[in-house]
Structure formats: structure tokens, C-alpha cells
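Student: Build me a structure from this.
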Amino acid sequence: MAQAKIEITNDGPYLVSGGLPLSQEQMVTVGDHREMRPGRTFEVEDSYALCRCGHSKNMPFCDGSHLSADFEGAETASHQPFAERAEHFEGPTLSLEDDERCAFARFCHRAGSEVWSLTERAQDAETREEAMKAAYECPAGRLQHHDKENGDKLVEPELSPRIDLLEDPEKSCSGPIYVQGGVELVGADGEAYEQRNRYALCRCGHSDNKPFCDAMHVSVGYSDQLDQ
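Tutor: Numbering: from 1, shown residues only. Predicted coordinates:
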């Protein structure tokens, strides 16, 4: 695979290069936690353009509808590194960083609790594991742990470069574009964002923290209609 990259265009689509695989994933609740269930897989070229305005008639790809929709895609998100933006929480064996970029995917809720409480109680192996999963399964990359029992090592899953289009049937809406595996993200002004293992991009066009998802797809009931 060539160097994977996503470039944001002025008031237009995301330009994807490097042959990134593209699939759909359904987010579902199973018992006391959330899981991903595979959906459609898309045939893509080495380069392709993903809709960013939410109006394309050829979802998930751009068809130029942003022009007639008068889409305003100005980026408002900070370029400040995660470590400088994040709030820190200390537990007995784990420390948690939270930059509050929430896509409302709800993977932070597990075992009848949530990641902040689990971190505070993470002394036994089972609670530690639940806390770590609640953080590293967050598609927005909002949460990350450091393992204090293992040299303060960053706890992150090994993710291959790919893109998943998240669907949220429980909220009757389509969620963000989940980008995995350290894919470079470059703003419309040519400035790269901090390289991250996980992040979620807005695809409804309504985020107030563009290019990242801020859960506005839930408020506006956005659907890409891929399953219709």
C-alpha cells in the first residue's frame, strides 16, 4: 500500500489516497457493551473522494452535491496535539486521557459502568481489561490509557490503515467516518493534523468541530441511506 492519506478540500470532499479499504460497520449493543458488526464492503480505486457535505446521491462517494448545497466546510478543530488538549484522570493502575472529541459511539460504556469510573476502580485484572477496552474501542480516539504497571506504556490496539463508515441503527442514523491505523490527515490549507491511530471524521456536514465528528449526526437524524 502506498502512503495512506486523507486530504480535506475547501468546502468539498475528503480526497483519499493510498488504496485505503472502505467498508461499512454497524454499531450495536450486545449485553453490557457495544460491538461492531460488518456491513457492506466497497470496491475502491487507489484514490477516491468521500462525501463530506451529507448530500451526495452516490453515497458514500462525492458527486458534486456540495456545490448546489452551498456546503460550508471550514475547519474549526484545533491542531493542538492530543496530549496538550486532553484532561487527565488517575487510577490505581491506569491513567486516562480524554480530549472530549465525542462521536457518541458509546463504546466508553461497559460492564454496567463507564470508562472514567472503571479507570478509578481498575485494580483487579478484569476491571483493568474492561477499562482499557472502553477507551481503545472508542472510534473517535477521544480516550487513551497509559498502563502504570507497565512503565506507563500507551495502551492502543494495532489497527491496519482502513476506513469504516459507521451506522447507528439504535439511534436511526448514520455515524462518522472511522479512520484507523495512523492515516495522515491534511487540512485544506495544507497543514497536517497530528497523526493518530484512531479518529472520526464528520460526514453529515453539521459538525461544529470540522473536520471531526461531534455527534451532530444524532441531533439532525442524518442517514446516508446506504441500506435503503
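Student: Tell me the confidence at the residue of the chain positioned farthest from its centre?
Tutor: Using CA atoms, centre = their mean, the residue of the chain lying farthest from its centre is Asp124. It sits 29.3 Å away. Note on Asp124: pLDDT of 95.
Student: now do Gln3
Tutor: You'll see Gln3 listed with a pLDDT of 88.
Student: where's the residue nearest the centre of the chain, which helix or strand?
Tutor: Computing the C-alpha centroid of the chain and ranking residues by CA atoms, centre = their mean puts Ala200 first, at 2.3 Å. In this assignment (DSSP states H and E), Ala200 forms part of strand 198-201.
Student: same question for that strand, mean pLDDT?
Tutor: Strand 198-201 carries an average pLDDT of 98.
Student: ok, residues contacting that strand?
Tutor: 6, 14, 52, 101, 103, 105, 136, 138-141, 159, 166, 175-180, 185, 211-213 (CB atoms under 8 Å, 6 or more residues apart in numbering). Every C-beta, even on glycine, is put in place using the N, C-alpha and C of the backbone.
Student: rerun that using 7 Å as the cut-off
Tutor: Residues from elsewhere that reach strand 198-201 (CB atoms under 7 Å, 6 or more residues apart in numbering): 14, 103, 139-141, 159, 176-180, 211-213.
Student: And for stretch 60-69?
Tutor: 11-13, 48-53, 55-57, 165, 224, 226.
Student: just stretch 79-87 next, same as before
Tutor: Stretch 79-87 is contacted from outside by 78, 97-99, 191, 193-194, 196, using CB under 7 Å, 6+ apart.
Student: tell me the two of those residues that are most distant?
Tutor: Maximum pairwise distance among the contacts of stretch 79-87 (CB to CB): 24.5 Å, between Asp98 and Glu191.
Student: Turn the contacts of strand 198-201 into JSON lines, including secondary structure.
Tutor: As requested, those are exported to JSON lines (DSSP: H, G, I helix; E, B strand; the rest coil):
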{"residue": "Tyr14", "secondary structure": "strand"}
{"residue": "Ala103", "secondary structure": "coil"}
{"residue": "Pro139", "secondary structure": "coil"}
{"residue": "Ala140", "secondary structure": "coil"}
{"residue": "Gly141", "secondary structure": "coil"}
{"residue": "Leu159", "secondary structure": "coil"}
{"residue": "Pro176", "secondary structure": "strand"}
{"residue": "Ile177", "secondary structure": "strand"}
{"residue": "Tyr178", "secondary structure": "strand"}
{"residue": "Val179", "secondary structure": "strand"}
{"residue": "Gln180", "secondary structure": "strand"}
{"residue": "Pro211", "secondary structure": "coil"}
{"residue": "Phe212", "secondary structure": "strand"}
{"residue": "Cys213", "secondary structure": "coil"}
